[in-house]
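Novice: Pasting a predicted model and its sequence here:
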Amino acid sequence: MLEKYENGDTSLKEEQALKNYFSQETVAPHLEVYKPMFAYFSVSKQEQFTKDLPLKTKKVFTYRWIAVAAVAVLVVMVYFKKPAVSTYQEYAYGTYNNPEDAFNEVTKQLAMISNHFNKGVSTVNYLEEVNKGTGTLGYLNEIGNATSIIFKK
């Protein structure tokens, strides 16, 4: 029956019979080697891990906020930019005389920038999935720590 137990072919009743036999005071002399193993199993079955496991989560700085800040700085710079040349005639090259035309051109350019910006941000979205994956790997690390404590490695 021990050979069957070692191969993992025993039923629950047979395993219980083996545990009961090896929990007795007197065991056959040639089977004394197995007594500590079954004693360990019965003691370890009653053990419970009660310590709280702290789950450390790392806050990952997303690149979206950097991009938003960069766009905000560009908009502020464009809005508050003063002409470097003192006279309007020298600075007027490439400007619009009609404010509505200028507004429409700026709107068109900002829409183009926004479109390219959104394409760039969409390529970085996979980082959130990577962060979720690394978060779940933290659980595996905790399992490894627990098993190393149990097996005293």
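Specialist: The structure has been received and is ready for your questions. Quick caveat: nothing in here was measured; it's all calculated off a predicted structure.

Novice: and G120, what does it touch?
Specialist: A67 (CB atoms under 8 Å, 6 or more residues apart in numbering). Quick note: C-beta positions are derived from backbone N, CA and C, even for glycine.

Novice: separation between it and G133?
Specialist: Using CB to CB, to the nearest Å, G120 is found at 22 Å from G133.

Novice: same question, G144
Specialist: 17 Å.

Novice: Tell me the spatial nearest neighbour of K19, not counting adjacent residues.
Specialist: F38 (5.7 Å; CB to CB, 6 or more residues apart in numbering).

Novice: Check which helix or strand that neighbour maps to.
Specialist: helix 35-46 (DSSP states H and E).

Novice: What helices and strands are in contact with that helix?
Specialist: Other helices and strands packing on helix 35-46, by 3 or more CB pairs under 8 Å, 6 or more residues apart in numbering; DSSP states H and E, are helix 12-22.

Novice: what is the orientation angle of the helix it packs on with helix 35-46?
Specialist: Angle, helix 12-22 to helix 35-46, by axes from the mean of the first three to the mean of the last three CA atoms, to 10 degrees: 120 degrees.

Novice: name the helices or strands packed onto helix 12-22?
Specialist: Going by 3+ CB pairs under 8 Å, 6+ apart, helix 12-22 lies up against helix 2-6, helix 35-46.

Novice: And that helix, what's buried?
Specialist: Within helix 12-22, the residues scored as buried using 16 or more other CB atoms under 10 Å are L18, Y21, F22.

Novice: Nearest residue to the second one in space, ignoring adjacent ones along the chain?
Specialist: Taking CB to CB, 6+ apart as the measure, Y21 lies nearest to V27, with 7.1 Å between them; neighbours along the chain are not counted.

Novice: gap between the residue positioned nearest the centre of the chain and V73?
Specialist: Centroid-nearest residue in the chain: G135, 2.2 Å away (criterion: CA atoms, centre = their mean). Per CB to CB, G135 is found 32 Å from V73.

Novice: what are the phi and psi angles of P29?
Specialist: For P29, the backbone dihedrals (degrees, to the nearest 10) come out as phi -60, psi -40.

Novice: could you redo the helices and strands packed on helix 12-22 as CSV and give each row distance to N98 and mean neighbour count?
Specialist: Shown next, in CSV, are those (distance: least, CB to CB, whole Å; neighbours: other CB atoms under 10 Å):
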stretch, distance to N98, mean neighbour count
helix 2-6, 92, 12
helix 35-46, 85, 11
